[in-house]
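Q: Next input, structure requested:
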Amino acid sequence: MKWAGPESQWSGGLAHWVQGDRAYISCAFTFKLPEARQWAIYYSRTGKKVFAGGPALAHLKTQKYMEDVAWVPRGKGNPGRLVGALQRHNPAATIASRGCDQDCSFCIVPFMEGDFTELPDFPVLPVLCDNNLSGLPAEYQDHIVSRYQAEGVPLLDANSGFEPRTFSATVFERWRVINRGVWRLAYDDLVERDFIRECMAILSGAGIPPRKIQIYTLLGNEPYDACMQRVREVIEWGGEPFCQPLMKLISLTRDPHVKHDWTAKKLRAVARWANNRMWRSVAPRFEDYDPSIRRAPRARYDAAQGLFI
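A: Okay, the predicted model is just below:
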């Protein structure tokens with residue numbers, strides 16, 4: 001099945017556009033807010049009324065950073081949301097539900113969107129950005145899958161993926177009929193070890209290759225040894241780790257939040273080593289990796305995935 005609609009291309013975390021006498025700015029990452037603020041100032045000087053929103057503006061402290069140059073939507077369960085902004089970030093992206101039933105301390109979703117809200121009449125597009133597909137009620141998962149089948153649209157990217165605690169063989173069989181992209185799960189701490197191992201066993205046992213089993217592996221929320229254990233286990237169990245250094249939810253720079261026995265330099269180096277797949281041949285162990293040798297860019301934005309790698 002070949003998709004004939006718009007190409008999947010992410011904006012890089014910041015989208016802005018003009019409609020009549022209004023300018024809209026949608027910011028996904030807090031470290032893009034300084035740039036968003038400059039655009040707000042620019043549009044204000046051209047006589048536009050500026051509206052700013054997005055996940056980066058879900059927190060009261062980040063809202064205050066912008067409130068003197070733009071109007072920020074607020075309200076319970078709806079802070080910082082601009083209608084129609086998602087397709088401005090990626091014209092091939094859609095969402096069938098908001099919220100999540102998990103309460104992860106490092107995630108803005110619980111604060112911004114709360115528990116699940118179903119959006120049954122969602123536009124069917126190949127990049128599905130729901131926060132937690134496997135946590136949704138089974139009948140609503142079936143509804144999403146049936147919408148894709150009925151409209152003949154391939155699911156090229158379940159962008160935020162599945163929750164290890166609710167992913168099962170039944171969930172896999174339900175989604176495999178439409179998922180043509182990577183299977184994304186998260187291994188955020190060692191508490192999830194048994195869950196993620198079972199998930200990866202289901203995927204590997206069904207013949208899904210490692211390059212299509214991408215496990216978000218948070219760095220810095222646990223001591224170095226614990227984090228590296230998770231990275232190694234993802235590789236050993238037949239997947240590929242995508243490492244994300246821990247950041248504060250309101251950080252205006254793209255700097256890691258340093259805790260435990262980590263340093264900012266080591267957090268960046270592990271992420272570079274893992275995300276550029278240097279463990280395949282260059283340095284199978286991180287301890288053998290020399291970050292001073294420039295074998296790959298320090299940070300590269302993959303516009304197709306919407307990820308910094």
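Q: For the chain, just list every one of the helices.
A: 33-45, 60-66, 86-89, 109-113, 138-151, 169-176, 193-205, 224-236, 264-275 (DSSP state H).
Q: Leaving out chain neighbours, which residue sits closest to the residue sitting furthest away from the middle of the chain?
A: Distance from the C-alpha centroid of the chain peaks at G47, with 34.4 Å (Cα atoms, centre = their mean). Excluding its sequence neighbours, the residue lying closest to G47 (Cβ to Cβ, 6 or more residues apart in numbering) is D21, at 7.2 Å. (Glycine included, C-beta is placed from N, CA and C.)
Q: State the distance from the one you found to E67.
A: 20 Å (Cβ to Cβ, to the nearest Å).
Q: Looking at the two, which one has more neighbours?
A: Comparing D21 with E67 by other Cβ atoms under 10 Å, the one with more neighbours is E67, at 14 against 9.
Q: so who does E151 touch?
A: V124 (Cβ atoms under 8 Å, 6 or more residues apart in numbering).
Q: Could you check the pLDDT of it?
A: pLDDT for E151: 94.
Q: where does the protein have low pLDDT?
A: 1-2, 74-81, 102-115, 294-309 (pLDDT under 70).
Q: quick one, domains of it?
A: Listed by automatic domain parsing, the domain ranges of the chain are 10-89, 90-308.
Q: Looking at these, spot the one closest to A4.
A: Of all the domains of the chain, domain 90-308 sits nearest to A4, with 9.8 Å by Cβ to Cβ.
Q: Spatially central, which residue of the protein would that be?
A: S160 (5.1 Å).
Q: Spatially nearest residue to that one (excluding sequence neighbours)?
A: Nearest non-adjacent residue to S160 (Cβ to Cβ, 6+ apart): N131, at 5.1 Å.
Q: And for M200?
A: W237 (4.4 Å).
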